[in-house]
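**Q** Show me how the following folds:
(chains A and B)
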Amino acid sequence: MPKHNIDPNNWVKLYSDYLFNYTITRVNDREIAQDLISETFLAGLKSMKNFKGEASERTWLISILKRKIIDYYRKINSNKGKAEVRMGYINSDEAEGDWLEERVSDPFDKTAEDTLENTELGDAIYDCLEKLPVKQADVFKKKTILNYDTETICNELNITASNLWVIIHRARTALADCMDNSWFN
Amino acid sequence: MKKSLLFINCDEAKHICDKAEYGEATDWERFKLNIRLLYCHITKSYFKKNKTLTENIKKSNVKCLQSEERSKIEKQFNEALAEQNKN
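**A** You can find the predicted model right below:
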């Protein structure tokens, strides 16, 4: 018997931010990330009948998204894509050596371990955010991740400033408790 | 009971802690919070956890969609969903 149900009506509300965070760290372009997420939702909608309920909706959508990201890189690494990249490095006496400088590794760049740890931390934050009521998570993300002004959020969601701070307080307490064991020690 | 100007209760202290994490606490509020931190271990523990949460979020460099970006995706998806429900 399937353990998970599928309900596309809430996909955008529940998973769009998680999918976006997953995609942006891999493609590093907001526009492309949004296109890939849209394509993922549409592909999910088309293949809903293939959902067996063995994994959660989120995991299932991520598996579709991974394929979309692979397809995206395949496309830009095709012969046509490679030719477009090479165009930027045509021989020129003045720019000689520039390509080397652009490609040399940055000693202050993050290590693979740092990146991995930050990705895991990001996943842990999203796992905890998913446990919050939708409105709480929404207000928290707007205030903390997107750095929106208190006034902007209040106008957008039609709430008072004191309402906002109560929601923020509940969200922060719940998140801190949720992350307590794995990351706060 | 008359409200003290200098000594705040735990709830108010937590509220100031939250505001301070977003740089929205006034100097006077931060001063009152600092006094409470000297003697209240509950506030101190909340203050510490709250700071760690902010640091972790910054460290993770977690991202999310802007409202208008999400609306665009939602609109596109809802159209496809309506189309599918029609068939």
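**Q** how's chain A carved up into domains?
**A** Domain assignment of chain A by automatic domain parsing yields the ranges A:8-89, A:133-183.
**Q** May I see those arranged in CSV, with mean pLDDT as well?
**A** As requested, those are exported to CSV (pLDDT from 0 to 100):
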stretch, mean pLDDT
domain A:8-89, 87
domain A:133-183, 92
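**Q** so can I have JSON lines of these showing distance to A:Ala124?
**A** Placement of C-beta: from N, CA and C, glycine included. Putting the domains of chain A into JSON lines (distance: least, C-beta to C-beta, whole Å) gives the following:
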{"stretch": "domain A:8-89", "distance to A:Ala124": "12"}
{"stretch": "domain A:133-183", "distance to A:Ala124": "6"}
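**Q** can those domains go into JSON lines with extra columns for distance to B:Leu37 and mean neighbour count?
**A** Output for the domains of chain A, formatted as JSON lines (distance: least, C-beta to C-beta, whole Å; neighbours: other C-beta atoms under 10 Å in any protein chain shown):
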{"stretch": "domain A:8-89", "distance to B:Leu37": "34", "mean neighbour count": "16"}
{"stretch": "domain A:133-183", "distance to B:Leu37": "17", "mean neighbour count": "17"}
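**Q** for these, which one sits closest to B:Cys10?
**A** Taking C-beta to C-beta, domain A:133-183 is the member of the domains of chain A nearest to B:Cys10, at 12.1 Å.
**Q** ok, and does the closest one reach over to chain B?
**A** Yes: Domain A:133-183 lies in contact with chain B when judged by C-beta under 8 Å from any C-beta of the partner chain; the contacting residues are A:141-146, A:150, A:156, A:165, A:168-169, A:172, A:175-176, A:179-180, A:183.
**Q** Now intersect the residues you listed with the helices, please.
**A** If you go by DSSP state H, those have A:150, A:156, A:165, A:168-169, A:172, A:175-176, A:179-180, A:183 in helices.
**Q** At the geometric centre of the chain, which residue sits there?
**A** Just so you know, I chose chain A. To find the centre residue of chain A, average its C-alpha atoms and take the closest one (C-alpha atoms, centre = their mean): that gives A:Asn21, at 1.1 Å.
**Q** right idea, wrong chain: chain B
**A** Central residue of chain B (C-alpha atoms, centre = their mean): B:Asp18, 5.5 Å from the mean position.
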